[in-house]
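Asker: build me a model from this:
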Amino acid sequence: MPGRSRRRPDLTLPLPQRDLTSLAVPLPLPPSSAPSSMSSSGSLSGAASLGAPTSAGSAPPNPPPPLCELERVRCIGSGAGGTVWMVRHRTTGCAYALKVLYGKHDDAVRRQIVREVAILRTAEHPAVVRCHGMYELDGELQILLEYMDGGSLEGHRIADERFLAHLARQVLSGIAYLHRRHIVHRDIKPSKLLIDSGRRVKIADFGVGRILNQIMDPCNSSVGSIAYMSPERINTDLNDGAYDGYAGDIWSFGLTILEVYLGRFPLGENLTKQGDWAALMSAICHSDSPQAPRDASPEFKNFISLCLQKNPANRPTALRLLQHPFVALPQPQLHMRVTDE
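Answerer: Residues are numbered from 1 along each chain as shown. Below is the predicted model of the structure:
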(Lines give C-alpha, C1' and ligand atoms only; values in the text may rest on other atoms or scores of the structure.)
Protein backbone atom coordinates (compact mmCIF):
# COMPACT_ATOMS: atom_id res chain seq x y z
CA MET A 1 0.00 0.00 0.00
CA PRO A 2 1.23 3.56 -0.72
CA GLY A 3 3.18 5.08 2.13
CA ARG A 4 3.62 1.80 4.00
CA SER A 5 7.13 1.25 5.27
CA ARG A 6 8.79 -1.93 3.95
CA ARG A 7 11.60 -1.87 6.49
CA ARG A 8 11.90 -4.67 9.03
CA PRO A 9 13.34 -3.14 12.22
CA ASP A 10 13.53 -6.59 13.79
CA LEU A 11 15.91 -7.98 11.18
CA THR A 12 19.54 -6.99 10.88
CA LEU A 13 21.28 -7.99 7.66
CA PRO A 14 25.07 -7.96 7.89
CA LEU A 15 26.75 -6.91 4.67
CA PRO A 16 29.97 -8.54 3.42
CA GLN A 17 33.13 -6.56 4.11
CA ARG A 18 36.54 -6.50 2.46
CA ASP A 19 38.45 -5.69 5.64
CA LEU A 20 41.37 -8.09 5.25
CA THR A 21 42.83 -7.11 8.62
CA SER A 22 39.98 -8.81 10.46
CA LEU A 23 39.19 -11.93 8.47
CA ALA A 24 36.84 -14.36 10.21
CA VAL A 25 39.07 -17.41 10.54
CA PRO A 26 37.46 -20.58 11.90
CA LEU A 27 40.69 -22.16 13.09
CA PRO A 28 42.89 -21.23 16.08
CA LEU A 29 46.08 -19.60 14.87
CA PRO A 30 49.56 -20.39 16.21
CA PRO A 31 52.02 -17.60 17.06
CA SER A 32 52.87 -15.52 14.00
CA SER A 33 56.55 -15.44 14.91
CA ALA A 34 57.11 -18.97 13.62
CA PRO A 35 59.22 -18.84 10.43
CA SER A 36 58.38 -20.58 7.20
CA SER A 37 60.92 -21.94 4.77
CA MET A 38 60.85 -23.11 1.19
CA SER A 39 62.34 -26.35 -0.05
CA SER A 40 64.13 -26.68 -3.33
CA SER A 41 61.17 -28.55 -4.78
CA GLY A 42 58.92 -25.52 -4.38
CA SER A 43 57.01 -26.94 -1.41
CA LEU A 44 56.71 -25.27 1.94
CA SER A 45 58.54 -27.19 4.60
CA GLY A 46 57.01 -29.35 7.35
CA ALA A 47 54.23 -28.22 9.62
CA ALA A 48 56.49 -27.74 12.63
CA SER A 49 58.59 -25.10 10.86
CA LEU A 50 55.37 -23.36 9.79
CA GLY A 51 54.30 -22.91 13.38
CA ALA A 52 51.75 -25.70 13.55
CA PRO A 53 51.05 -26.86 17.09
CA THR A 54 52.32 -30.35 17.83
CA SER A 55 51.69 -32.33 20.97
CA ALA A 56 54.58 -33.46 23.10
CA GLY A 57 56.29 -36.47 21.60
CA SER A 58 54.29 -36.39 18.34
CA ALA A 59 56.13 -36.38 15.05
CA PRO A 60 55.40 -33.67 12.45
CA PRO A 61 53.49 -34.76 9.33
CA ASN A 62 55.50 -36.26 6.51
CA PRO A 63 56.54 -33.71 3.85
CA PRO A 64 54.49 -33.73 0.64
CA PRO A 65 56.01 -35.10 -2.57
CA PRO A 66 57.89 -32.55 -4.70
CA LEU A 67 55.63 -30.52 -6.96
CA CYS A 68 57.70 -31.49 -10.01
CA GLU A 69 56.73 -35.14 -9.42
CA LEU A 70 52.98 -34.45 -9.60
CA GLU A 71 51.30 -34.90 -12.97
CA ARG A 72 48.01 -33.10 -13.59
CA VAL A 73 45.43 -35.60 -14.84
CA ARG A 74 42.23 -33.57 -15.10
CA CYS A 75 40.40 -30.57 -13.67
CA ILE A 76 37.82 -31.68 -11.08
CA GLY A 77 36.47 -28.32 -9.93
CA SER A 78 36.84 -24.56 -10.00
CA GLY A 79 35.45 -21.54 -8.22
CA ALA A 80 36.14 -17.94 -7.27
CA GLY A 81 39.22 -18.90 -5.23
CA GLY A 82 40.94 -21.34 -7.55
CA THR A 83 40.95 -24.56 -9.54
CA VAL A 84 41.20 -28.12 -8.22
CA TRP A 85 43.12 -30.73 -10.23
CA MET A 86 43.36 -34.45 -9.84
CA VAL A 87 47.09 -35.14 -9.87
CA ARG A 88 49.11 -38.33 -9.74
CA HIS A 89 52.50 -38.87 -8.14
CA ARG A 90 54.72 -40.23 -10.92
CA THR A 91 56.78 -42.40 -8.58
CA THR A 92 54.11 -44.06 -6.46
CA GLY A 93 51.00 -43.63 -8.64
CA CYS A 94 49.11 -42.11 -5.68
CA ALA A 95 46.27 -39.76 -6.59
CA TYR A 96 45.82 -36.39 -4.88
CA ALA A 97 43.71 -33.27 -5.28
CA LEU A 98 45.75 -30.13 -5.95
CA LYS A 99 44.02 -26.83 -5.24
CA VAL A 100 45.65 -24.02 -7.21
CA LEU A 101 44.78 -20.64 -5.72
CA TYR A 102 44.16 -17.79 -8.13
CA GLY A 103 46.38 -14.72 -8.12
CA LYS A 104 49.19 -13.56 -5.89
CA HIS A 105 48.37 -12.68 -2.31
CA ASP A 106 49.92 -10.01 -0.13
CA ASP A 107 52.21 -11.05 2.70
CA ALA A 108 49.54 -10.81 5.43
CA VAL A 109 47.11 -13.10 3.59
CA ARG A 110 49.86 -15.47 2.56
CA ARG A 111 51.07 -15.84 6.14
CA GLN A 112 47.51 -16.51 7.27
CA ILE A 113 47.02 -19.21 4.64
CA VAL A 114 50.38 -20.80 5.45
CA ARG A 115 49.50 -20.97 9.14
CA GLU A 116 46.05 -22.39 8.37
CA VAL A 117 47.57 -25.12 6.18
CA ALA A 118 50.07 -25.95 8.91
CA ILE A 119 47.21 -26.56 11.34
CA LEU A 120 45.17 -28.49 8.77
CA ARG A 121 48.12 -30.83 8.22
CA THR A 122 47.90 -31.89 11.86
CA ALA A 123 44.20 -32.82 11.54
CA GLU A 124 43.94 -36.58 11.16
CA HIS A 125 40.54 -38.26 11.28
CA PRO A 126 38.75 -40.75 8.98
CA ALA A 127 35.97 -38.23 8.30
CA VAL A 128 38.19 -35.22 7.57
CA VAL A 129 39.92 -34.70 4.22
CA ARG A 130 43.69 -34.81 4.75
CA CYS A 131 45.83 -31.83 3.89
CA HIS A 132 49.26 -33.06 2.80
CA GLY A 133 51.02 -29.73 2.32
CA MET A 134 51.42 -26.57 0.28
CA TYR A 135 53.63 -25.35 -2.54
CA GLU A 136 54.52 -21.91 -3.83
CA LEU A 137 55.60 -21.49 -7.44
CA ASP A 138 56.21 -18.03 -8.89
CA GLY A 139 54.07 -16.52 -6.14
CA GLU A 140 51.18 -18.93 -6.75
CA LEU A 141 49.99 -21.04 -3.82
CA GLN A 142 48.97 -24.67 -4.36
CA ILE A 143 47.53 -26.94 -1.64
CA LEU A 144 47.82 -30.73 -1.83
CA LEU A 145 44.78 -32.58 -0.47
CA GLU A 146 43.42 -36.09 -0.19
CA TYR A 147 41.61 -37.15 -3.39
CA MET A 148 38.00 -38.33 -3.07
CA ASP A 149 36.90 -40.11 -6.25
CA GLY A 150 33.14 -39.70 -5.73
CA GLY A 151 33.04 -35.91 -5.74
CA SER A 152 30.74 -33.98 -3.41
CA LEU A 153 27.14 -34.52 -2.29
CA GLU A 154 26.04 -31.33 -4.03
CA GLY A 155 23.07 -32.07 -6.30
CA HIS A 156 22.67 -35.66 -5.10
CA ARG A 157 19.89 -37.42 -3.23
CA ILE A 158 20.05 -40.27 -0.72
CA ALA A 159 16.49 -41.32 0.12
CA ASP A 160 17.34 -44.55 1.96
CA GLU A 161 17.50 -43.67 5.65
CA ARG A 162 20.01 -46.43 6.39
CA PHE A 163 22.50 -44.95 3.95
CA LEU A 164 21.73 -41.46 5.18
CA ALA A 165 22.35 -42.55 8.78
CA HIS A 166 25.66 -44.08 7.66
CA LEU A 167 26.61 -40.75 6.05
CA ALA A 168 25.43 -38.66 9.00
CA ARG A 169 27.32 -40.80 11.51
CA GLN A 170 30.60 -40.27 9.64
CA VAL A 171 30.13 -36.53 9.27
CA LEU A 172 29.14 -36.14 12.92
CA SER A 173 32.25 -38.01 14.01
CA GLY A 174 34.35 -35.59 11.95
CA ILE A 175 32.55 -32.56 13.38
CA ALA A 176 32.98 -33.90 16.92
CA TYR A 177 36.71 -34.36 16.23
CA LEU A 178 37.09 -30.80 14.93
CA HIS A 179 35.10 -29.36 17.83
CA ARG A 180 37.27 -31.24 20.33
CA ARG A 181 40.23 -29.46 18.77
CA HIS A 182 38.38 -26.13 19.07
CA ILE A 183 37.98 -25.93 15.30
CA VAL A 184 34.68 -24.56 13.97
CA HIS A 185 33.97 -25.24 10.30
CA ARG A 186 31.38 -22.43 9.78
CA ASP A 187 30.52 -23.49 6.22
CA ILE A 188 29.12 -27.04 6.28
CA LYS A 189 26.97 -27.76 3.21
CA PRO A 190 26.64 -30.55 0.60
CA SER A 191 29.49 -29.26 -1.55
CA LYS A 192 31.84 -29.55 1.44
CA LEU A 193 31.06 -33.24 1.99
CA LEU A 194 33.10 -35.49 -0.30
CA ILE A 195 32.55 -39.21 -0.91
CA ASP A 196 34.55 -42.04 -2.37
CA SER A 197 33.79 -45.43 -3.89
CA GLY A 198 34.09 -47.08 -0.48
CA ARG A 199 31.10 -45.13 0.91
CA ARG A 200 33.39 -42.98 3.03
CA VAL A 201 32.24 -39.40 3.55
CA LYS A 202 34.67 -36.67 4.59
CA ILE A 203 34.49 -33.00 5.51
CA ALA A 204 36.49 -30.69 3.26
CA ASP A 205 37.43 -27.08 2.68
CA PHE A 206 37.51 -25.48 6.09
CA GLY A 207 39.96 -22.73 6.99
CA VAL A 208 41.68 -21.66 3.77
CA GLY A 209 38.51 -21.75 1.66
CA ARG A 210 36.75 -19.18 3.80
CA ILE A 211 39.73 -16.83 3.73
CA LEU A 212 39.83 -16.98 -0.07
CA ASN A 213 36.08 -16.43 -0.42
CA GLN A 214 36.31 -13.18 1.50
CA ILE A 215 39.32 -12.02 -0.50
CA MET A 216 38.27 -13.01 -4.01
CA ASP A 217 34.59 -12.08 -4.17
CA PRO A 218 32.87 -11.62 -0.81
CA CYS A 219 29.54 -10.48 -2.24
CA ASN A 220 28.98 -13.36 -4.67
CA SER A 221 30.75 -16.22 -2.94
CA SER A 222 28.90 -15.70 0.34
CA VAL A 223 25.38 -16.23 -1.02
CA GLY A 224 25.55 -20.01 -1.17
CA SER A 225 26.94 -20.14 2.35
CA ILE A 226 24.27 -17.80 3.74
CA ALA A 227 21.69 -20.46 2.91
CA TYR A 228 23.22 -22.75 5.54
CA MET A 229 23.86 -20.15 8.25
CA SER A 230 22.04 -20.47 11.56
CA PRO A 231 19.45 -17.80 12.52
CA GLU A 232 21.54 -16.36 15.35
CA ARG A 233 24.53 -15.93 13.07
CA ILE A 234 22.50 -13.86 10.62
CA ASN A 235 20.40 -11.85 13.06
CA THR A 236 22.71 -10.69 15.80
CA ASP A 237 19.73 -9.52 17.88
CA LEU A 238 18.85 -13.17 18.50
CA ASN A 239 20.37 -15.00 21.45
CA ASP A 240 21.41 -11.66 23.00
CA GLY A 241 24.01 -11.18 20.29
CA ALA A 242 26.00 -14.26 21.33
CA TYR A 243 27.12 -16.66 18.61
CA ASP A 244 28.15 -20.23 19.38
CA GLY A 245 30.08 -21.51 16.38
CA TYR A 246 29.75 -25.12 17.50
CA ALA A 247 25.94 -24.88 17.60
CA GLY A 248 26.06 -23.07 14.24
CA ASP A 249 27.85 -26.07 12.71
CA ILE A 250 25.05 -28.34 13.97
CA TRP A 251 22.39 -26.20 12.25
CA SER A 252 24.32 -26.27 8.96
CA PHE A 253 24.84 -30.02 9.30
CA GLY A 254 21.13 -30.67 9.95
CA LEU A 255 20.08 -28.55 6.96
CA THR A 256 22.63 -30.36 4.78
CA ILE A 257 21.43 -33.83 5.81
CA LEU A 258 17.81 -32.85 5.13
CA GLU A 259 18.75 -31.46 1.70
CA VAL A 260 20.56 -34.67 0.77
CA TYR A 261 17.50 -36.67 1.86
CA LEU A 262 15.04 -34.53 -0.12
CA GLY A 263 17.27 -33.89 -3.12
CA ARG A 264 16.46 -30.18 -2.96
CA PHE A 265 17.14 -27.18 -0.75
CA PRO A 266 14.70 -27.64 2.16
CA LEU A 267 14.02 -24.03 3.14
CA GLY A 268 10.77 -23.24 1.31
CA GLU A 269 9.25 -24.57 -1.90
CA ASN A 270 10.06 -21.48 -3.97
CA LEU A 271 13.30 -20.41 -2.30
CA THR A 272 16.63 -21.54 -3.69
CA LYS A 273 19.98 -21.32 -1.96
CA GLN A 274 21.31 -19.20 -4.83
CA GLY A 275 18.37 -16.79 -4.69
CA ASP A 276 18.11 -13.32 -3.22
CA TRP A 277 20.31 -13.21 -0.13
CA ALA A 278 17.97 -10.90 1.78
CA ALA A 279 15.06 -13.31 1.19
CA LEU A 280 17.24 -16.19 2.38
CA MET A 281 18.17 -14.35 5.55
CA SER A 282 14.58 -13.40 6.28
CA ALA A 283 13.37 -16.98 5.75
CA ILE A 284 16.08 -18.43 7.99
CA CYS A 285 15.38 -16.00 10.82
CA HIS A 286 11.56 -15.69 10.67
CA SER A 287 10.19 -18.86 9.08
CA ASP A 288 9.64 -22.09 10.97
CA SER A 289 12.56 -24.48 10.86
CA PRO A 290 12.29 -26.98 8.00
CA GLN A 291 11.14 -30.46 8.93
CA ALA A 292 11.54 -33.95 7.59
CA PRO A 293 8.58 -35.11 5.45
CA ARG A 294 5.63 -36.94 6.98
CA ASP A 295 6.61 -40.32 5.57
CA ALA A 296 10.07 -40.20 7.21
CA SER A 297 10.76 -42.34 10.26
CA PRO A 298 10.12 -40.88 13.73
CA GLU A 299 13.84 -41.20 14.47
CA PHE A 300 14.82 -39.14 11.43
CA LYS A 301 12.15 -36.52 12.13
CA ASN A 302 13.40 -36.10 15.69
CA PHE A 303 17.04 -36.02 14.58
CA ILE A 304 16.41 -33.18 12.12
CA SER A 305 14.25 -31.33 14.62
CA LEU A 306 17.04 -31.37 17.20
CA CYS A 307 19.63 -30.10 14.70
CA LEU A 308 17.37 -27.27 13.50
CA GLN A 309 16.28 -25.83 16.83
CA LYS A 310 16.01 -22.05 16.51
CA ASN A 311 17.48 -21.63 19.99
CA PRO A 312 21.15 -22.70 19.69
CA ALA A 313 21.19 -23.74 23.35
CA ASN A 314 18.67 -26.48 22.49
CA ARG A 315 20.83 -28.04 19.75
CA PRO A 316 22.76 -31.09 20.95
CA THR A 317 26.50 -31.27 20.47
CA ALA A 318 27.94 -33.49 17.76
CA LEU A 319 29.00 -35.94 20.45
CA ARG A 320 25.45 -36.12 21.82
CA LEU A 321 23.96 -36.56 18.34
CA LEU A 322 26.22 -39.56 17.78
CA GLN A 323 24.13 -41.31 20.45
CA HIS A 324 20.84 -40.55 18.69
CA PRO A 325 18.78 -43.60 17.58
CA PHE A 326 18.77 -42.39 13.97
CA VAL A 327 22.53 -42.67 13.49
CA ALA A 328 22.51 -45.91 15.45
CA LEU A 329 20.61 -47.61 12.61
CA PRO A 330 22.33 -50.76 11.27
CA GLN A 331 25.00 -50.06 8.68
CA PRO A 332 23.83 -50.91 5.14
CA GLN A 333 25.47 -53.84 3.40
CA LEU A 334 24.61 -52.79 -0.15
CA HIS A 335 26.43 -50.23 -2.24
CA MET A 336 25.35 -46.69 -1.51
CA ARG A 337 22.67 -45.56 -3.93
CA VAL A 338 23.33 -41.91 -4.73
CA THR A 339 21.18 -40.35 -7.43
CA ASP A 340 21.58 -37.09 -9.31
CA GLU A 341 18.73 -34.65 -9.04
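Asker: gap between H324 and E299?
Answerer: Counting by CB to CB, to the nearest Å, the separation of H324 from E299 is 7 Å. Where C-beta positions appear, they are placed from N, C-alpha and C, glycine not excepted.
Asker: and Y177, by the same measure?
Answerer: Noted for Y177: a distance of 24 Å to E299, by CB to CB.
Asker: elements contacting the helix or strand containing E116?
Answerer: E116 belongs to helix 107-121 when assigned by DSSP states H and E. If you count contacts as 3 or more CB pairs under 8 Å, 6 or more residues apart in numbering; DSSP states H and E, helix 107-121 packs onto strand 131-137, strand 140-146, helix 208-216.
Asker: which of the ones you listed has the lowest mean pLDDT?
Answerer: When the helices and strands packed on helix 107-121 are compared by mean pLDDT, helix 208-216 comes last with a mean of 52.
Asker: so who does G82 touch?
Answerer: The contact partners of G82, taken as CB atoms under 8 Å, 6 or more residues apart in numbering, are 99-102, 212.
Asker: who's in contact with P290?
Answerer: By CB under 8 Å, 6+ apart, the neighbours of P290 are 255, 258, 266-267, 304, 308.
Asker: which two in those are spaced the farthest apart?
Answerer: The span of the contacts of P290, defined through CB to CB, is set by L267 and I304 at 12.6 Å.
Asker: need the strands for the stretch 151-300 of the chain, in chain order.
Answerer: Here the stretch 151-300 of the chain has its strands, by DSSP state E, counting those that start in this stretch, at 156-157, 193-195, 201-203.
Asker: quick one: which of those strands is nearest N239?
Answerer: Nearest of these to N239, taken as CB to CB: strand 201-203 at 25.1 Å.
Asker: the stretch 1-150 of the chain: strands as residue ranges?
Answerer: For the stretch 1-150 of the chain, the strands defined by DSSP E, counting those that start in this stretch occupy 70-78, 82-89, 95-101, 131-137, 140-146.
Asker: so can I have CSV of those strands showing distance to R121?
Answerer: Supplementary listing: these in CSV, determined by distance: least, CB to CB, whole Å:
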stretch, distance to R121
strand 70-78, 17
strand 82-89, 17
strand 95-101, 14
strand 131-137, 5
strand 140-146, 10
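Asker: model confidence for R115, exactly?
Answerer: R115 carries a pLDDT value of 81.
Asker: my bad, T92
Answerer: pLDDT recorded at T92 is 95.
Asker: and it, how many neighbours does it have?
Answerer: Neighbourhood size, T92 [other CB atoms under 10 Å]: 9.
Asker: quick one, domains of this structure?
Answerer: As recorded under automatic domain parsing, the domains making up the chain are 20-146, 156-340.
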